[in-house]
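> My questions are about this predicted structure, shown below with the sequence.
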Amino acid sequence: MDWLGKLLLPIEWVVAWILAFFHMAFTALGMSPTAGWTWVAAIAGLTIVVRAVLIPLFVYQIKAQRKMQLLQPEMMALQKKYKGKRDQFSRQQMAEEQQALFKKHGTNPFASCLPLLVQMPIFFSLFRVIRNTEGIGNGDIPPIGGLTQELASQATHASIFGVELSDTFLQGDFGTKVLTAILIVIMGVTQFITQRQIMAKNMSEAAMNNPFMQQQKMLLYMMPIIFAVGGIYFPLGLIVYWLVSNVWTMVQQFIVIRNMPTPGSKAEKELIARRERQGKPLPKSMQPKKAAESETKPKSGQRHQPMSKARQKKKNKKK
């Protein structure tokens, strides 16, 4: 076993057990144990479990993205400060001041990548499990987790629309190429919509005017293409996993943007207008902060006028 196999073995074991569990559950509900749709449902179940576990990371990602957007004016001021300065000292100073800004706001540019980075080992583990099903089914590779030789044999020959889940675009026949191409296109569209709704609705004007937005716009079009190119090498079962994951992300992002928009964004204005039409109060996080009590409430009691020194002496003599 190579070093990558040893590293991913615990994750492969968990992935295999989850697949076996959902396969058993859907079989108990009346689905055929050898049908491709049973295994597609099992893969979808695996995806939902993975994404549910990653919800705390997604919340952290949203908070990090908002903090990054809020510090955009400071980032722009920093870029303006060092504009045209290309010497090593200035670059180092700019990098140090950027790090200080990230530390001050409790965020960093890589926080938004965490859910994707955490998913990658799971993605590759599922890829290895699907790739090894034929070997496990033939007895050439020992079973892993709950994926017994019998289950692996069923998974190897399971198909949807005549295409086996272990087939790839490059190695399959015409029908395989058509089905995988359709799923890859849908996968790219969901990826595009997810990124597009963030940029179109959930960014403040300051963030939209940032020079970094040009890079974000490039990624908006490049990422679906990258996944599409990579998709031709993936087995059909893995494309199903990534497609379900993309749909989950798209719906999850829509709910968050609709109900918890970034301050100053188009989505926030739409939420305020929607609440006003419905006669509902705004969430506490969006309500204007109350002024300090000392500034809003007059002090009780009679106001004492200042006393001159002459009056003070006269008052003391009377006593």
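Thanks, I have the structure now.
> What are the buried residues along the host helix or strand of Val247?
Assigned by DSSP states H and E, Val247 falls within helix 236-259. Neighbour-count burial for helix 236-259, counted by 16 or more other Cβ atoms under 10 Å, picks out 236-250, 252-253, 256-257. All C-beta spots, glycine's among them, are computed from the backbone N, C-alpha and C.
> Also stretch 229-236?
By neighbour count with 16+ other Cβ under 10 Å, stretch 229-236 contains the buried residues 231, 234-236.
> For Glu97, which residues are in contact?
Contacts for Glu97 were tallied using Cβ atoms under 8 Å, 6 or more residues apart in numbering; they are Leu78.
> ok so Met31 is a helix residue?
No. Assignment of Met31 by DSSP: H, G, I helix; E, B strand; the rest coil gives coil, placing it outside any helix.
> check which helix or strand covers the closest residue to it other than its chain neighbours.
Computed as Cβ to Cβ, 6 or more residues apart in numbering, the closest residue to Met31 that is not its neighbour in sequence is Thr38, at 4.4 Å. For Thr38, the host element (DSSP H and E) is helix 36-53.
> So for that helix, what gets flagged as buried?
For helix 36-53, by 16+ other Cβ under 10 Å, it's 36, 38-47, 49-51.
> any chance of those in a markdown table, with pLDDT and distance to Asn138 too?
Below are these laid out as a markdown table (pLDDT from 0 to 100; distance: Cβ to Cβ, whole Å):
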| residue | pLDDT | distance to Asn138 |
| --- | --- | --- |
| Gly36 | 92 | 19 |
| Thr38 | 95 | 21 |
| Trp39 | 94 | 18 |
| Val40 | 94 | 23 |
| Ala41 | 95 | 25 |
| Ala42 | 95 | 21 |
| Ile43 | 94 | 22 |
| Ala44 | 94 | 27 |
| Gly45 | 94 | 26 |
| Leu46 | 93 | 23 |
| Thr47 | 92 | 27 |
| Val49 | 93 | 29 |
| Val50 | 89 | 28 |
| Arg51 | 89 | 33 |
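> In a markdown table: those residues, plus distance to Ser159.
Output for the buried residues of helix 36-53, formatted as a markdown table (distance: Cβ to Cβ, whole Å):
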| residue | distance to Ser159 |
| --- | --- |
| Gly36 | 4 |
| Thr38 | 11 |
| Trp39 | 9 |
| Val40 | 10 |
| Ala41 | 14 |
| Ala42 | 14 |
| Ile43 | 14 |
| Ala44 | 16 |
| Gly45 | 19 |
| Leu46 | 19 |
| Thr47 | 20 |
| Val49 | 24 |
| Val50 | 24 |
| Arg51 | 26 |
